[in-house]
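Trainee: sequence and predicted structure are below.
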Amino acid sequence: MIRSMTGFASATGSLPPHSWAWELRAVNGKGLDLRLRVPDWIDGLEAGLRKMLGASVDRGNVTLSLRLAREEHAGALQINEAQLTAVLEAMAVIEARAMEAGISLGPSTSSEVVALRGVLEQSLVDDDAAPLAKALLAEAETLIQAFNAMRDAEGTALQGVLQEQLNEVAALTQEAATLAQARSDAMTDTLKRNLAKVMDNVDGADPDRVAQELALIAVKSDVTEEIDRLGAHVDAARVLIGQGGPVGRKLDFLMQEFNREANTLCSKAQSTELTRCGLALKAVIDQMREQVQNVE
């Protein structure tokens with residue numbers, strides 16, 4: 001089965017105190033271009049993701065983004081001993097100075113002391129990145145599987161379209177062969193009549209030179225090789241599509257060969273019907289090439 005280069009998948013997950021959201025998307029590309037937007041403070045995460053994607057995707061512009069959020073935790077409240085000592089010492093100095101100045105200060109309550117900045121603080125929860133990285137990489141496998149499932153489904157649809165187009169190319173090639181044979185018979189009769197007229201009216205013509213010119217005309221108008229190559233290209237394309245896998249580059253090259261033979265067929269046509277058939281071939285080949293651009 002062939003696979004499309006385009007695809008999309010998303011997922012969300014959490015490992016308290018963290019939650020996250022994934023987005024994985026890909027569009028057509030000549031080679032493999034991986035663009036990752038992930039937190040750089042999680043050791044091993046980006047390297048692991050690149051390895052996983054490199055093993056699953058052969059071609060395309062792939063973008064993976066991870067939005068990571070940390071829940072605000074109500075950690076345990078604790079007294080900052082150093083700050084409390086500094087505050088109490090400062091209060092003692094202030095009270096002593098006030099007494100020396102004859103100023104009477106009201107007693108301070110514990111709630112007032114606790115309310116002072118830095119005395120009571122919330123304990124921080126240390127983040128251990130290792131379990132988080134493990135959870136993220138495990139979920140990334142599921143994300144990539146969903147991503148590839150979408151690309152497989154699109155590939156199946158592409159395969160059906162390409163097979164129909166190849167059938168159409170094969171039918172038009174057969175029609176071109178029939179038209180070329182009919183044209184060949186007519187051209188032979190026309191050449192014989194014209195040659196007889198020329199030989200009757202031209203004295204001293206070199207028979208060898210005349211034979212060479214006739215041979216050259218025959219070669220320039222013969223489309224047998226083009227038709228044979230078109231048939232061979234149809235067979236080769238069917239084999240590639242049947243074997244599946246990353247065959248997009250080979251199919252793209254074949255499309256160039258298809259187009260080259262169709263162009264030559266049109267240039268040699270010398271027949272309205274054969275030209276019409278050649279142009280129809282070019283149209284189908286162009287449509288097929290557009291589809292091939294999506295194949296991995």
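Mentor: The structure has been received and is ready for your questions.

Trainee: so which other helices or strands are in contact with the top helix by length along the chain?
Mentor: Using DSSP state H to define each element, the chain has its longest helix at helix 129-201. Helix 129-201 is packed against strand 7-15, strand 18-27, helix 45-56, helix 207-221, helix 224-243, helix 272-292, with contacts defined by 3 or more Cβ pairs under 8 Å, 6 or more residues apart in numbering; DSSP states H and E. To be clear about C-beta, it is placed using only N, CA and C from the backbone, and glycine gets the same treatment.

Trainee: one more pass at 10 Å, please.
Mentor: Under the contact criterion of 3 or more Cβ pairs under 10 Å, 6 or more residues apart in numbering; DSSP states H and E, helix 129-201 touches strand 7-15, strand 18-27, helix 45-56, strand 60-70, helix 207-221, helix 224-243, helix 248-268, helix 272-292.

Trainee: quick one: closest of those to Val119.
Mentor: Closest to Val119 of these is strand 60-70 (Cβ to Cβ; 25.9 Å).

Trainee: quick check: buried residues in that closest one?
Mentor: Neighbour counts over strand 60-70 (16 or more other Cβ atoms under 10 Å) mark 60-62, 64, 66 as buried.

Trainee: list just the nearest of those residues to Ala170.
Mentor: Taking Cβ to Cβ as the measure, Ala170 sits nearest to Gly60 out of the buried residues of strand 60-70, at 29.6 Å.

Trainee: any idea how far Arg50 is from that closest one?
Mentor: 14 Å (Cβ to Cβ, to the nearest Å).

Trainee: got it, and Ala9?
Mentor: Distance from Ala9 to Arg50, counting by Cβ to Cβ: 17 Å.

Trainee: so, low pLDDT: which residues of this structure?
Mentor: 72-76, 122-127, 184-221 (pLDDT under 70).

Trainee: tell me the domain ranges of it?
Mentor: Using automatic domain parsing, the domain parsing of the chain gives 7-72+130-150, 77-122, 153-292.

Trainee: redo those as a markdown table? Include distance to Met1.
Mentor: Shown next, in a markdown table, are the domains of the chain (distance: least, Cβ to Cβ, whole Å):
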| stretch | distance to Met1 |
| --- | --- |
| domain 7-72+130-150 | 11 |
| domain 77-122 | 56 |
| domain 153-292 | 4 |
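
Trainee: who's in contact with Thr173?
Mentor: 226-231, 233-234, 258, 261-262, 265, 277, 281 (Cβ atoms under 10 Å, 6 or more residues apart in numbering).

Trainee: now a ChimeraX select for only the buried ones of these.
Mentor: Listed next is the ChimeraX selection for buried residues among these, using 16+ other Cβ under 10 Å:
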select :226,227,229,230,231,233,234,258,261,262,265,277,281
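
Trainee: which of the contacts of Thr173 lies closest to Ser4?
Mentor: Of these, the one sitting nearest to Ser4 (Cβ to Cβ) turns out to be Phe258, at 20.8 Å.

Trainee: can you pull the contacts of the nearest residue to that closest one once chain neighbours are set aside?
Mentor: Leaving out its chain neighbours, the residue that sits closest to Phe258 by Cβ to Cβ, 6 or more residues apart in numbering is Ile285, at 4.6 Å. Going by Cβ under 10 Å, 6+ apart, Ile285 touches 165, 168-169, 172, 230, 233, 254-263.

Trainee: repeat that with 8 Å
Mentor: By Cβ atoms under 8 Å, 6 or more residues apart in numbering, the residues touching Ile285 are 169, 255, 258-259, 262.
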